[in-house]
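*Asks:* only geometry, no sequence info:
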């Protein structure tokens, strides 16, 4: 409203007045300028228009401006924060090097360039670690940048200048170049890796040994196929040392678990199945032969490996191994493979598996073994069980504080003390016997070949109930002389004991004894081949006659060739094996033996022989000087087989092979 005075004391009535209001957006800011002459200062002017009103319309009358002294106004050259609506024409005009630094505004500097500082980003540190102010001054940076724009010599364009240095690996923030992660001892790790490669390179030699000397009895008896499976499992376990060499990752942690478990199932699965086969054969109580071939064992081994593989697949899909960050004793970061309940489950599975192996070792600890392989297998299983328990218990204490190098050494030592020692026990003993000549190939000279029919062959037992070996490669030829009275007396005594034993077992329900003795007689009636020297090979027929050697029941074989009547045959044996021979007369008197035993048939004994003369036993069935294959036979060459029945232990027969 407008009022007007019409005298000195009175005003007219108010008249409404319409004025066009001007908003902030109608004004305009000028660019900063330097007021030369007026104040010699930097100024900024804001200008707005104003209007007049006449004849019911507005018209432009002029502008009104405000001059602002910029000497006390700070310039913010740093970038605006995200989602900011603030108007700042100087924003993002700083000259900080964005890769390693960022801009921080500085107040109180006034209207001038460089009112900011360049601070190091996270993960970088100021090069001058002893400086009090660890940042770059924006004023200095602006001056150097201006020199660069003017083509003058400037430090702004040089690499590394006005920049921060990157922290050590694994550091989120730092003040200097000190490490935040435990540095691995690469020299030590490389030495261990080289040793692992050297040991792995020896595995093909072990496989070649099983192939080259597979016909040697000590190697063939241990199943060369299973020995190669053991070597393959050892290779997988050795590879865990290789995958643990670099810094842990998801892939290396997963590979370590797979290699360890598959190698363990192959190596110790084969060992325990070999022991299981021995325990089954040792505990058999029937006359029927127990046949567990290598193929049967490989099938069972496949089941064991499949069980381990199934658990590994489930673990990999459900909860794959991950890398965690631990803290060392110096509060440094250490990358480790996480140990969770899956790892504890696999450890428990291994321990249970080894406990089953220990049980098998206890069962076969008294089983007869010519090469003591069961003993070496037991030592390897005991060793693995103890060291595995020690390793898994120690892992609980080695997680905090973390020490990757110490863990690497422990895993390497565990592998060497278990797998390498296992290979030395299993293969070292066999290599020693092969190269020292303790065991020869059964096809070589001086050895007597065995056939599958010679399964009831015995050994003598020592005073401490330990079985001794009767290898054909050792021992000389002994000459024994047995008189007629000795044979009659011993036959009567032993057949009486055998009949009593049969009747006793039949009464208690052990009727399988008769079938066992029948199987023994069937095996004794077969033919076997013999090689004497380098030019002669003779066939012999197993006699049903039983004789006694050191309280054992022995079935002997004699030559089927014709012998001269005046020739006194001398029995030739290897260690405990015995052979008897004598000319036959149709009217020989053996009624005393037949009446006492009621089981001897087709046997005649010359009663005209003296007590001191050697006795020769022969089948009633006469044969020519040639065998049934048409090859000539020579007198004095015979192969002796032995069947041993342990009369002290009536519950089982000793089924051992001896020549």
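*Replies:* Nice, I can see it. Please read all numbers here as calculations on a predicted model, not as lab measurements. Numbering: from 1, shown residues only.

*Asks:* When you work out contacts or count neighbours from here on, use the C-alpha atoms and nothing else.
*Replies:* OK.

*Asks:* tell me the average confidence for the longest helix anywhere in the chain?
*Replies:* Counting by DSSP state H, the longest helix found in the chain is helix 250-282. For helix 250-282, mean pLDDT is 90.

*Asks:* Heading C-terminal from that helix, find the next helix or strand.
*Replies:* Tracing the chain C-terminally past helix 250-282 and defining elements by DSSP states H and E, one meets helix 294-318 next.

*Asks:* Next, the angle from that next one to helix 250-282.
*Replies:* Interaxial angle, helix 294-318 versus helix 250-282 (axes from the mean of the first three to the mean of the last three C-alpha atoms, to 10 degrees): 150 degrees.

*Asks:* can you list contacts of helix 294-318?
*Replies:* Judged by C-alpha atoms under 8 Å, 6 or more residues apart in numbering, the contacts made with helix 294-318 from elsewhere in the structure are 223, 225-226, 254, 258, 261-262, 265-266, 269-270, 273-274, 342.

*Asks:* Which positions in that helix come out as buried?
*Replies:* Within helix 294-318, the residues that qualify as buried by neighbour count (16 or more other C-alpha atoms under 10 Å) are 294, 297-298, 301, 304-305, 308-309, 312, 315.

*Asks:* List of residues touching stretch 192-201?
*Replies:* Taking C-alpha under 8 Å, 6+ apart as the criterion, the residues outside stretch 192-201 that touch it are 235, 238, 241-242, 245, 412.

*Asks:* for stretch 140-158, that is, sorry about that
*Replies:* Residues outside stretch 140-158 that contact it (C-alpha under 8 Å, 6+ apart): 95-96, 113-114, 161-162.

*Asks:* any idea which of the residues you listed is closest to residue 74?
*Replies:* Among the contacts of stretch 140-158, residue 113 lies closest to residue 74 (C-alpha to C-alpha), at 9.3 Å.

*Asks:* doesn't residue 139 make contact with the closest one?
*Replies:* Yes: Residue 113 is in contact with residue 139 according to C-alpha atoms under 8 Å; the separation is 6.5 Å.

*Asks:* Would you map the strands across the stretch 101-250 of the chain?
*Replies:* Assigned by DSSP state E, counting those that start in this stretch, the stretch 101-250 of the chain shows strands spanning 101-105, 116-120, 124-125, 136-137, 165-166.

*Asks:* Need the three-state assignment for the nearest residue to residue 79 once chain neighbours are set aside.
*Replies:* Spatial nearest neighbour of residue 79, chain neighbours left out: residue 92 (4.0 Å); criterion: C-alpha to C-alpha, 6 or more residues apart in numbering. The assignment at residue 92 comes out as coil when based on DSSP: H, G, I helix; E, B strand; the rest coil.

*Asks:* thought residue 92 was touching residue 77?
*Replies:* Yes: shown here, residue 92 and residue 77 form a contact pair, counting by C-alpha under 8 Å, at 5.4 Å.

*Asks:* Give me the pLDDT value at the residue nearest to residue 269 when sequence neighbours are not counted.
*Replies:* Nearest-residue entry for residue 269: residue 301, 6.1 Å, with adjacent residues in sequence omitted and distances by C-alpha to C-alpha, 6+ apart. Turning to residue 301, the model gives it a pLDDT of 93.

*Asks:* How many neighbouring residues does the closest residue to residue 228 other than its chain neighbours have?
*Replies:* Among residues not flanking residue 228 along the chain, residue 207 sits closest, at 5.9 Å (C-alpha to C-alpha, 6+ apart). By the other C-alpha atoms under 10 Å criterion, the neighbourhood of residue 207 contains 18 residues.

*Asks:* my guess is residue 207 meets residue 230, correct?
*Replies:* No: taking contact to mean C-alpha under 8 Å, the distance of 9.8 Å between residue 207 and residue 230 leaves them out of contact.

*Asks:* thinking again about what came up before, could the strands of the stretch 101-250 of the chain be laid out in a markdown table, adding mean pLDDT?
*Replies:* Shown next, in a markdown table, are the strands of the stretch 101-250 of the chain (pLDDT from 0 to 100):
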| stretch | mean pLDDT |
| --- | --- |
| strand 101-105 | 95 |
| strand 116-120 | 95 |
| strand 124-125 | 95 |
| strand 136-137 | 94 |
| strand 165-166 | 94 |
